[in-house]
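Enquirer: Sequence and predicted structure below; questions after.
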Amino acid sequence: MNISQRQFRAKRVYEVTPRDGRRELRLSDRIVELGEQEFDWYQKVRSWLPSVRGLADLSHDLAMDEGKVPKFLDALENSGLLYRTDAAQQPMSGIEFHQKFSAVLGSWLSEAFEHPFWERMMSGKGSARLFTGWLIELYHYTKNANRHMPLSCAHSHEKPIKQLRAKHYAEEWNHYHYFMKSLKALGFTEPQIADSVPLPMTLALSNFMRQAARQDILAYSICSAVLEGTTTDRGTYSPYYQRSADLYGVPQEAVTPIFAHLDLDVKYQHSDLFKDILETVPVMSPERASLVLDYGHQLVEHIWLWTDNIEKYYQVESNMVPRRPFDVVLD
Amino acid sequence: MSAQPSHVASSAPSSGGERPFLKRTVIVSHQPGRVVLQRFSEEIELEGAAAQLFSKMEGQLDGKSSIEDIGARLQEKPARLRALLGQLAKAGVVSLLSPADDSTLTTGMEFYAIHKERCLYWLEEVYRHPLWQKMVSGTASRAQVLGFAFEKYHYIEAAFEHMGIAAANASPEMMPHLARHFIEEYTHGDIYRRGLRSLFPDDVILHSQPLPSTRALVNYLNESAQRGSFAYYAGNELLQMTENTGDADAGKSVDDFYAAMRKHYPYTDKLIDSFIAHTKADQALGHADAFLLMCQSVPPLTRREVNDALNVAKNMAEHLLLFMDGIDTFYGRFGTVPRLPCDLKSE
């Protein structure tokens, strides 16, 4: 059988858990169990797939007869770990795309929030300083909505989508006041916060949203939907804020505005916005659907690195809080 | 010591109500009989009477009171205070604030000197990033090493984006410089791609996806390029300062780095060839002088313009650090390289 690595790609594995001498690989729709040797082979296949190495090289790496390798690849495909890239893909409606998105959103969010920062904060190994840093960056991120939401309206071409995006902007544009209120309760003055400089990854989030807005309104909208997905479930985030308040002596007045903001997002039903937008899209080519999906996942990775950037900066006691801009006369 | 805009560098402050301000970047340490003032990479030591007088007035150097008022408060002769403050201002650790600050203009060449000094300091943290040591000592993983090559490729390839945007939005005096830079640089991504092709098929390289941290650096360049030509290039120059290894010492460290890479990671041989080819291409173009030429031709800058350009440069250093950190952290944790974009079946 004539086989080449270009026929296959690996599906995304969200988590690998060792269990009783085996490995559990979590995909978005199933868990695949592999023995240690099969797992080792699978990893070798994964690095071989995007390489310039031939089938003979893979056969050597696997210590497997070359004739048996295609069968092994088929087995990996049947298990769901690989998929064929040569099968034709069909166009889909906006609603069908939304179903696809909804099916992976849970896995994406677990990926975005699997950063050790969260466990650290919830287990009491964090600090009030880290909580404050997170809040300052949330302030900037929310204020920076004014850098990307109106841009998305400007780059929308269909009237119904323009309308929906504009309404979202009108409802969201001044939500940074909630975080300002929280930060004032922590003892900061308004100018200290308003004039401060966000971390590079905080700025990167809004710059990435601007990139998406310029490229494709659906690419922008999926990013927005991922972000809304992080706040719509009050049950997910309330414990973080409340527990941090309890553990690190954060005054209740600093937490109340955050809950008010979360409740407002739920009230506006922003989590339904992406579906409302997609209902107006009769057809998406496979290429466009892939691009849009990819933007959504890139946003997930942005959230992970954003969290990392916040933890690394604010855990250093000597780093300035809040971060002020450089001034040639004063600095 | 540091170049300062003309009004700050003045060594003989007038008595026109100047308000002394201890710069926020100064770290003061008090030791018996002496005071050390550290700012960026410089240290100034005061001893004896000067140390005593500084300690006495330190709490007053908040830019709110004139020298005369401070003198009256501390029961010191203003002339004595002024003499010491003049020296400290000359050394760059104190500013003598005046209402004229906002209207003072800085020439392009004054800016060039300030920019160079600050950027060298801001880059120190980038050079100290642990990823360099990991790669030199052979403890970096295969994913981190290949990830480094891919992310460098993405960053260099992004010249199409930010240099294109910069040239398209250039101010009249900056246009020739930005046009020239784009035309000289847009092929450089291909130099890195040639190296990567020793390990990966061309279409995989072309479709591979940068890390969010690399995207952050590129997008910051794009946004700066759209907003203002001079500030953009002040930021870009900081990045260029890490590439142009014209001097012998820097050149030797780069050579040592590549030699260590070849030794520990023999599969990177062709990649290292491409890194070196790119450095040589940059050196041959004389990019080291490009910013100097721009500064010579730019009209005098207001304090706001100076701050804008320096803040872009400082943010660029932070984005560069993030670029390094993203490679170290992300590829250290998620070992998939190259990173391919999602499609309808991959999820």
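Expert: It's in.
Enquirer: Every contact and neighbour count from this point should use C-alpha atoms.
Expert: Will do.
Enquirer: what pLDDT does the one residue in the stretch 51-200 of chain B that gets nearest to chain A get?
Expert: Closest to chain A within the stretch 51-200 of chain B is B:Phe200: 4.6 Å, counting by Cα to the nearest Cα. Predicted confidence (pLDDT) at B:Phe200: the value is 97.
Enquirer: helix or strand for the closest residue to it other than its chain neighbours, which one?
Expert: In this structure, B:Phe200 finds its nearest non-sequential neighbour in A:Ser51, 4.6 Å apart by Cα to Cα, 6 or more residues apart in numbering or on different chains. If you go by DSSP states H and E, A:Ser51 is not part of any helix or strand.
Enquirer: cool, the one 5 residues further on as well?
Expert: For A:Ala56, the enclosing helix or strand under DSSP H and E is helix A:55-62.
Enquirer: and what of B:Gln87?
Expert: Assigned by DSSP H and E, B:Gln87 belongs to helix B:78-91.
Enquirer: Does anything pack onto that helix? Which helices or strands?
Expert: The helices and strands touching helix B:78-91, judged by 3 or more Cα pairs under 8 Å, 6 or more residues apart in numbering or on different chains; DSSP states H and E, are helix B:6-9, helix B:67-74, strand B:94-97.
Enquirer: run the last query once more with 10 Å
Expert: Helices and strands touching helix B:78-91, by 3 or more Cα pairs under 10 Å, 6 or more residues apart in numbering or on different chains; DSSP states H and E, are helix B:6-9, strand B:19-22, strand B:42-47, helix B:48-57, helix B:67-74, strand B:94-97.
Enquirer: need these in CSV with mean pLDDT, mean neighbour count and distance to chain A, can you?
Expert: Shown next, in CSV, are the helices and strands packed on helix B:78-91 (pLDDT from 0 to 100; neighbours: other Cα atoms under 10 Å in any protein chain shown; distance: least, Cα to the nearest Cα, whole Å):
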stretch, mean pLDDT, mean neighbour count, distance to chain A
helix B:6-9, 42, 18, 7
strand B:19-22, 97, 24, 7
strand B:42-47, 95, 15, 14
helix B:48-57, 97, 15, 18
helix B:67-74, 96, 18, 17
strand B:94-97, 96, 26, 6
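Enquirer: now B:Leu322, nearest residue through space, not along the chain?
Expert: For B:Leu322, the closest residue by Cα to Cα, 6+ apart turns out to be B:Ser213, at 6.0 Å.
Enquirer: Next: B:Leu61.
Expert: Of all residues not flanking B:Leu61 in the chain, B:Phe21 sits nearest, at 4.6 Å (Cα to Cα, 6+ apart).
Enquirer: And for B:Ser346?
Expert: Nearest to B:Ser346 is A:Lys11, by Cα to Cα, 6+ apart, at 4.5 Å.
Enquirer: again, but for B:Gly138
Expert: Closest residue to B:Gly138 apart from its sequence neighbours, by Cα to Cα, 6+ apart: B:His264 at 5.2 Å.
Enquirer: ok, now which ones touch that neighbour?
Expert: By Cα atoms under 10 Å, 6 or more residues apart in numbering or on different chains, B:His264 lies in contact with B:Met135, B:Val136, B:Ser137, B:Gly138, B:Thr139, B:Ala140.
Enquirer: how deep is the residue nearest to B:Phe200 tucked in, by neighbour count?
Expert: 20 (other Cα atoms under 10 Å in any protein chain shown).
Enquirer: Return the list of helices and strands in contact with the helix or strand where B:Glu151 lies.
Expert: Using DSSP H and E, B:Glu151 falls within helix B:142-157. Here helix B:142-157 touches helix B:130-137, helix B:188-196, helix B:202-207, helix B:212-227, helix B:269-285, helix B:303-333, going by 3+ Cα pairs under 10 Å, 6+ apart.
Enquirer: wait, what's in contact with the residue in the stretch 51-200 of chain A positioned nearest to chain B?
Expert: Residue of the stretch 51-200 of chain A nearest chain B, by Cα to the nearest Cα: A:Ser51 (4.6 Å). With contact taken as Cα under 10 Å, 6+ apart, A:Ser51 is in contact with A:Gln5, A:Arg6, B:Arg197, B:Ser198, B:Leu199, B:Phe200, B:Pro201, B:Asp202, B:Val204, B:Ile205, B:Val337, B:Pro338.
Enquirer: Kindly report the same for B:Leu293.
Expert: Per Cα under 10 Å, 6+ apart, neighbours of B:Leu293: B:Gly108, B:Met109, B:Tyr112, B:Met174, B:His177.
Enquirer: Next: B:Tyr186.
Expert: By Cα under 10 Å, 6+ apart, the residues touching B:Tyr186 are B:Ile156, B:Glu157, B:Ala158, B:Ala159, B:Phe160, B:Glu161, B:Met163, B:Gly164.
Enquirer: export these to a markdown table and tack on neighbour count?
Expert: Listed next are the contacts of B:Tyr186 as a markdown table, based on neighbours: other Cα atoms under 10 Å in any protein chain shown:
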| residue | neighbour count |
| --- | --- |
| B:Ile156 | 21 |
| B:Glu157 | 21 |
| B:Ala158 | 23 |
| B:Ala159 | 24 |
| B:Phe160 | 18 |
| B:Glu161 | 18 |
| B:Met163 | 26 |
| B:Gly164 | 21 |
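Enquirer: so where's the stretch 1-150 of chain A shaky on pLDDT?
Expert: The stretch 1-150 of chain A contains residues with pLDDT under 70 at A:1-3.
Enquirer: near chain B, which residues of it show up?
Expert: A:6, A:9-14, A:27-29, A:43, A:46-53, A:81-85, A:89, A:97, A:100-101, A:103-104, A:107-108 (Cα under 10 Å from any Cα of the partner chain).
Enquirer: before we move on, what about the stretch 201-331 of chain A?
Expert: A:201-208, A:210-211, A:286-306, A:308-309, A:325-331.
Enquirer: which residues are contacting stretch B:110-117?
Expert: If you take Cα under 10 Å, 6+ apart as the criterion, stretch B:110-117 is touched by A:328, B:1-6, B:40-41, B:106, B:108-109, B:121-122, B:234-235, B:237-238, B:241, B:291-296, B:300-301, B:306, B:309-310, B:313-314.
Enquirer: Identify those among the residues of the stretch 1-150 of chain A next to chain B that sit within helices.
Expert: If you go by DSSP state H, those have A:Gln43, A:Arg46, A:Ser47, A:Trp48, A:Phe97, A:Lys100, A:Phe101, A:Ala103, A:Val104, A:Ser107, A:Trp108 in helices.
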